[in-house]
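Visitor: Here is my input; please provide its structure:
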Amino acid sequence: DTAEFYLRWEKNWYDRLYKAMKKTDPSLLITVGCLQGFGWGDVIHDPILLSEDMDYTNRHYYGDLTVFPLELKEIDMQWLGKPLSVGECGARNHPGFEGYGHEPTLEYNRRFLFLTHIAFGEGASFLNSWHWRDPMEGIFPFGLVHADRSPRQAGYIMRAMALLFGSIQPKYQKPKVYLLTPQIGFSSGERMRFHDAFRRAIKALLQLKVDFEIVTEDKLSLLKDAELILYPSPYAISDEVISALMNLVRRGGKLYISGEIDRDENLKKTKGERLKGIVGLEEKGIMRIRLGRGEIFYVREPVEMKGEVYGLYKDVLRMAKIEGLAVEPENPELLAFSIPTLEGGRSLTLVNYGKAGSYKWEGVEMELAERSTGFIHLSSKGEVIALEGQGKVKVKGKEIVNGEGHFVLISLDGMGIDVSSSLLLIPLEEGKVEILRRDRTKLVGESGEMEKGSWRKISTPRISQKEGKIVVEISPAERFSLVLLSDDLKKAR
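Guide: The predicted structure follows:
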């Protein structure tokens with residue numbers, strides 16, 4: 001009762017502030033910048049509940065990179081017209097903080113690669129680093145640039161990702177799958193167990209590369225067209241929520257639910273009649289019950305409370321005829337997100353938490369290094385017009401790019417990379433980058449920077465053309481630079 005009071009009173013406070021600010025200026029876009037987690041000790045907050053009536057959702061994050069995709073996904077309610085965002089993120093990058101959150105430069109760089117890819121892949125509208133510049137008056141090493149305004153390597157990485165992701169125009173696509181919050185459990189004395197169970201459900205769906213979003217019990221009545229709702233280990237369920245779920249199933253939807261379902265909103269076992277309709281064939285520990293035009297998948301045990309559910313959810317999705325992204329080979333340590341574009345193309349964002357490997361998707365094969373990121377943008381014609389990777393990239397078995405290190409490559413004229421007249425290469429590591437050229441036009445290049453809105457040439461990288469390829473050699477000094485490759489550099493600038 002105490003937890004429920006705290007949460008509802010906190011939400012009431014935010015909602016009143018929201019209304020007061022809107023009354024002053026209706027054009028304001030307002031949200032709550034929620035800290036990571038759901039509280040600690042006697043501190044309680046619920047980022048999902050607090051965000052559901054804001055204009056957009058927002059999360060701060062400074063923790064383990066394996067948890068970030070779960071934390072951000074928890075507030076993904078874009079189906080309600082609420083953009084997703086990251087208000088703060090980062091880490092300390094200074095040896096003076098060794099043992100107190102310091103990350104060496106390599107790990108610091110990886111943090112910003114993972115943060116940006118996960119945020120973009122999950123559909124975030126923006127991601128803000130905390131902060132831009134280290135202060136002059138003390139050591140607070142969270143900045144993308146030092147106190148003297150010289151950039152950290154992570155600052156260059158953020159710029160590269162802004163140019164890469166900014167080169168496409170994403171189109172929102174409403175998902176077929178939704179994860180329903182067990183709100184009574186979230187406000188109970190055992191709330192952290194429910195939060196952990198909910199995150200295991202999110203983790204499994206992300207590993208299975210399924211497009212899904214979050215729906216709260218408060219907003220369930222607004223969801224009319226879900227193909228599958230997963231309700232992990234709710235324990236106690238109100239009559240209103242049960243009624244809404246059963247109506248959705250009768251109309252043709254599918255429902256997965258686990259654990260006890262005969263407890264009311266006061267945690268009392270007063271709803272035994274709910275069990276009477278749960279009769280059906282059992283397959284791999286999952287009971288399948290037909291109801292109206294839809295189907296229920298029921299697991300007696302609160303499995304999400306006990307451990308990982310990747311295998312179970314894989315079976316549930318198969319039974320529900322829901323397919324994740326077709327990225328091969330299957331690898332739970334690889335997260336993959338696909339977003340359609342306004343032009344009719346598609347993008348694929350990859351985050352590899354595991355070992356190095358090669359992955360295939362829609363005729364494209366890409367090599368990824370250990371604990372790394374990748375990106376592919378396909379046009380409506382299936383041409384690769386932007387990519388990020390390490391190693392070889394092939395289209396229908398033919399190699400189009402081969403990089404010795406981590407690189408970003410963007411077509412500036414919207415044509416396929418192998419025929420484009422102007423390319424932007426951003427090398428995140430030194431070494432050679434070989435690019436296939438089906439168009440025999442000779443490309444020339446130069447490295448430079450944008451200063452006050454104008455291009456400033458810095459150097460001329462070593463470029464050669466042979467056997468239908470252009471080879472660009474990146475020196476250590478040219479790492480992170482902007483390299484223009486074009487048959488007309490003036491046009492490319």
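Visitor: My understanding was that residue 169 contacts residue 343; is that so?
Guide: Yes: the pair residue 169 / residue 343 is scored as a contact, 6.7 Å apart, by CB atoms under 8 Å. Where you see a C-beta, it was placed from the backbone N, CA and C, and this is true even at glycine.
Visitor: who's more crowded, these two?
Guide: Remark: of residue 169 and residue 343, residue 343 carries more neighbours, 15 against 10, as counted by other CB atoms under 10 Å.
Visitor: got any ranges where the stretch 151-300 of the chain has weak pLDDT?
Guide: Under the criterion pLDDT under 70, no range of the stretch 151-300 of the chain is flagged.
Visitor: Could I get the full set of helices for it?
Guide: 153-165, 183-186, 191-207, 239-250, 273-276 (DSSP state H, counting those that start in this stretch).
Visitor: before we move on, what about the stretch 351-493 of the chain?
Guide: Going by DSSP H, counting those that start in this stretch, the stretch 351-493 of the chain shows helices at 489-492.
Visitor: could you point out where it is predicted with low confidence?
Guide: For the stretch 351-493 of the chain, no range has pLDDT under 70.
Visitor: ok, 90 please
Guide: 438-442, 450-454, 465-468, 490-493 (pLDDT under 90).
Visitor: Relative to residue 219, how far out is the nearest residue to residue 249 once chain neighbours are set aside?
Guide: Leaving aside its sequence neighbours, residue 249 sits nearest to residue 294 (CB to CB, 6 or more residues apart in numbering; 3.7 Å). Remark: distance between residue 294 and residue 219 (CB to CB, to the nearest Å) = 20 Å.
Visitor: These two: who's more crowded?
Guide: residue 294 (21 against 16).
Visitor: Any idea what the more buried one is bridged to?
Guide: Beta-bridge partners for residue 294, by DSSP bridges, are residue 291.
Visitor: For it, give its distance to residue 350.
Guide: 34 Å.
Visitor: mind listing what the nearest residue to residue 352 once chain neighbours are set aside touches?
Guide: Nearest residue to residue 352 in three dimensions, chain neighbours excluded: residue 368, at 4.7 Å (CB to CB, 6+ apart). Residue 368 sits next to 334, 350, 352, 356-359, 374, 389-391 when contact means CB atoms under 8 Å, 6 or more residues apart in numbering.
Visitor: do residue 143 as well
Guide: When contacts are counted by CB under 8 Å, 6+ apart, residue 143 touches 129, 131-134, 152.
Visitor: ok, 7 Å please
Guide: By CB atoms under 7 Å, 6 or more residues apart in numbering, the residues touching residue 143 are 131-134, 152.
Visitor: Save the residues you listed as JSON lines, and put in distance to residue 71 too.
Guide: Below are those laid out as JSON lines (distance: CB to CB, whole Å):
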{"residue": "131", "distance to residue 71": "20"}
{"residue": "132", "distance to residue 71": "23"}
{"residue": "133", "distance to residue 71": "26"}
{"residue": "134", "distance to residue 71": "26"}
{"residue": "152", "distance to residue 71": "24"}
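Visitor: Show me which of those residues is closest to residue 88.
Guide: Nearest to residue 88 among those is residue 131, at 8.4 Å by CB to CB.
Visitor: Tell me how many other residues crowd that closest one.
Guide: The number of residues packed around residue 131, counting by other CB under 10 Å, is 14.
Visitor: for residue 225, same thing?
Guide: If we define neighbours as other CB under 10 Å, then residue 225 has 11 of them.
Visitor: again with residue 148
Guide: 8.
Visitor: now it: how far from residue 470?
Guide: Counting by CB to CB - residue 148 and residue 470 are separated by 37 Å.
Visitor: Residue 190 now?
Guide: 61 Å.
Visitor: So for the two, which residue has more residues nearby?
Guide: residue 470 (20 against 12).
Visitor: Check which helices and strands the longest strand belonging to the chain is in contact with.
Guide: Secondary structure of the chain per DSSP state E: the longest strand is strand 398-411. Strand 398-411 sits against helix 153-165, strand 384-395, strand 422-427, strand 431-436, with contacts defined as 3 or more CB pairs under 7 Å, 6 or more residues apart in numbering; DSSP states H and E.
Visitor: and the first one with strand 398-411, angle?
Guide: Going back to what we said before, that points to helix 153-165. Going by axes from the mean of the first three to the mean of the last three CA atoms, to 10 degrees, helix 153-165 is angled at 100 degrees with respect to strand 398-411.
Visitor: and what of the second one?
Guide: Comparing the axes of strand 384-395 and strand 398-411 via the same axes, to 10 degrees yields an angle of 160 degrees.
Visitor: Name the residues that touch strand 384-395?
Guide: 164, 167-168, 363-369, 372-379, 399-403, 405-406, 408-411, 414, 416-417.
Visitor: do stretch 5-21 as well
Guide: 28, 30, 32, 44-46, 49-50, 53-54, 187.
Visitor: Buried ones from the residues you listed, can you make that a PyMOL selection?
Guide: Taking 16 or more other CB atoms under 10 Å as the burial criterion, the selection of buried members of the contacts of stretch 5-21 in PyMOL is written as:
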select buried, resi 32+44+45+46+49+50+53+54+187
